[in-house]
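Asks: pasting the sequence and the predicted coordinates here, then a few questions.
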Amino acid sequence: MSTAVLIAAVVGGGVLLFLRRLFPQKKAVELLRYSADTMRGKTVIVTGANSGIGKALAGELLKLHARVIMACRDRESAAEAAREIQKEAGSDQGEVVIKHLDLASLGSVRAFCEEIQKEESKIDVLVNNAGVYQCPYGKTEEGFEMQLGVNHLGHFLLTHLLLDLLKTSAPSRIVVVSSKLYKYGSINFDDLNSEASYDKAFCYSQSKLANLLFTRELARHLEGTGVTVNALTPGIVRTRLGRHVQIPFLAKPLFNLASMVFFKSPLEGAQTPLYLACSAEVEGVSGKCFANCAEEELMPKATDDQAAKKLWDVSMRMVGLTD
């Protein structure tokens, strides 16, 4: 046996063992079934709808006759994704609208929201789905650490600027895509931009914890408005989100095989956000987190009201909503 083959076997075996421990058994995901008219007449914004969970969700909403606004950074990729989901949806479907939105630029977020307010009479559902995962250290246009800036701050501003339209459209819903990896994070208020040190895994977990704290505090602010907000953790899904993760070359074939066995497909990963966007079962429910279409119990750090309020106040200043 050559050295290269031996190394591949050892590394690949290690990857498979790790995945088996992390995901002892991939449970079958039951795909949701709704009436074809469930979302007829409803307008839904999905950020990051050009790939992965966002694309799969947009496709399912299209089949339910929703007006789907695909809010994406890459127009060309969004247009290709739109063609694919329209082809799959068949002749009887809703409407697709493509809009440019770069969550790494607060200027782009503001421009997007101005355009939506001019062109749309209502928003029934806002799905904050787009994100970056464990990318090399970088900063947004305004100088924020990239993962915090895109995953939390960009969506924080987007949601705030669309709140008035969501309120006039009530009953309406906001859906926030978080991650179970929030468990490994904390909010480092002393160095939110990770300028003193940068750990890409910690920063991702921090941003996903921020999603949950934002959901909790936003739900409190929205009480009595008819607008609900809930978060979800989709599980491990085969998407392009992990493109920055370095897998040893020799282990890639085994890792790809393992992902087919242990990871959810984008369509499976889209079931919980679809549930939160469409289901009558969660009508009026707010401030919760869901996994596999059921309420999920969170760790205390994700339900810390004091931390949630502090993050809210800090985020308001960072995005320029308060002095």
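Replies: Nice, thanks for sending it over.
Asks: identify the residue nearest the geometric centre of this structure.
Replies: With distances taken as CA atoms, centre = their mean, residue 129 lies nearest the centre of the chain, 2.5 Å away.
Asks: can you give me phi and psi for it?
Replies: phi -110, psi -30 (degrees, to the nearest 10).
Asks: now swap in residue 232 and tell me
Replies: Note on residue 232: backbone dihedrals following degrees, to the nearest 10 are phi -150, psi 160.
Asks: try the one 4 residues further on
Replies: Main-chain dihedrals, residue 236, degrees, to the nearest 10: phi -90, psi 120.
Asks: can you pull the pLDDT of it?
Replies: pLDDT for residue 236: 86.
Asks: and for it, the neighbour number?
Replies: Neighbour count of residue 236, defined by other CB atoms under 10 Å: 19. Every C-beta, even on glycine, is put in place using the N, C-alpha and C of the backbone.
Asks: follow-up on the earlier one: which residues sit in contact with the residue nearest to the centre of the chain?
Replies: Residues in contact with residue 129 (CB atoms under 8 Å, 6 or more residues apart in numbering) are 46-49, 53-54, 57, 175, 177, 273.
Asks: what sits against residue 89?
Replies: Residue 89 is in contact with 59, 62-63, counting by CB under 8 Å, 6+ apart.
Asks: do you know how far it is from residue 61?
Replies: With the distance defined as CB to CB, to the nearest Å, residue 89 ends up 9 Å from residue 61.
Asks: pLDDT weak spots in the stretch 151-300 of the chain?
Replies: 238-263 (pLDDT under 70).
Asks: could you pull out the strands in it for me?
Replies: Per DSSP state E, counting those that start in this stretch, the stretch 151-300 of the chain carries strands over the ranges 172-177, 227-232, 289-291, 294-295.
Asks: now what about the last one, what contacts it?
Replies: Translated: strand 294-295. 288-289.
Asks: buried sites along the top helix by length along the chain?
Replies: In the chain, with assignment by DSSP state H, the single longest helix is helix 200-221. By 16 or more other CB atoms under 10 Å, the buried positions in helix 200-221 come out as 200, 202-219.
Asks: same check, this time on stretch 104-114
Replies: 104-106, 108-109, 112-113.
Asks: ok, residues contacting it?
Replies: Against stretch 104-114 from outside (CB under 8 Å, 6+ apart): 71, 73, 99-103, 140-142, 146, 149-150, 153-154, 157-158, 161-162, 319-320.
Asks: looking at those, which are in helices?
Replies: When helices are assigned by DSSP H, the members of the contacts of stretch 104-114 inside them are 146, 157-158, 161-162.
Asks: going by distance to residue 35, which of the residues you listed wins?
Replies: Closest approach to residue 35 among the ones in helices among the contacts of stretch 104-114 (CB to CB): residue 162, at 27.2 Å.
Asks: wait, isn't that closest one in contact with residue 116?
Replies: Yes: assessed by CB atoms under 8 Å, residue 162 is found in contact with residue 116 at 6.7 Å.
Asks: what residues are shared contacts of these two?
Replies: With CB under 8 Å, 6+ apart as the test, residue 162 and residue 116 both reach 45, 123.
Asks: in JSON lines: the contacts of residue 129, plus distance to residue 35 and neighbour count.
Replies: Putting the contacts of residue 129 into JSON lines (distance: CB to CB, whole Å; neighbours: other CB atoms under 10 Å) gives the following:
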{"residue": "46", "distance to residue 35": "20", "neighbour count": "29"}
{"residue": "47", "distance to residue 35": "26", "neighbour count": "27"}
{"residue": "48", "distance to residue 35": "27", "neighbour count": "30"}
{"residue": "49", "distance to residue 35": "23", "neighbour count": "33"}
{"residue": "53", "distance to residue 35": "23", "neighbour count": "31"}
{"residue": "54", "distance to residue 35": "23", "neighbour count": "28"}
{"residue": "57", "distance to residue 35": "18", "neighbour count": "29"}
{"residue": "175", "distance to residue 35": "20", "neighbour count": "26"}
{"residue": "177", "distance to residue 35": "25", "neighbour count": "28"}
{"residue": "273", "distance to residue 35": "18", "neighbour count": "29"}
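Asks: and for residue 304, the neighbour number?
Replies: Burial of residue 304 is recorded as 18 neighbouring residues (other CB under 10 Å).
Asks: gap between the spatially closest residue to it that is not a sequence neighbour and residue 42?
Replies: Once flanking residues are discounted, residue 304 sits nearest to residue 213: 7.2 Å by CB to CB, 6 or more residues apart in numbering. According to CB to CB, residue 213 and residue 42 sit 28 Å apart.
Asks: out of the buried residues of stretch 104-114, who's nearest residue 79?
Replies: residue 112 (16.7 Å).
Asks: what does that closest one show for phi and psi?
Replies: With angles defined as degrees, to the nearest 10, residue 112 sits at phi -60, psi -50.
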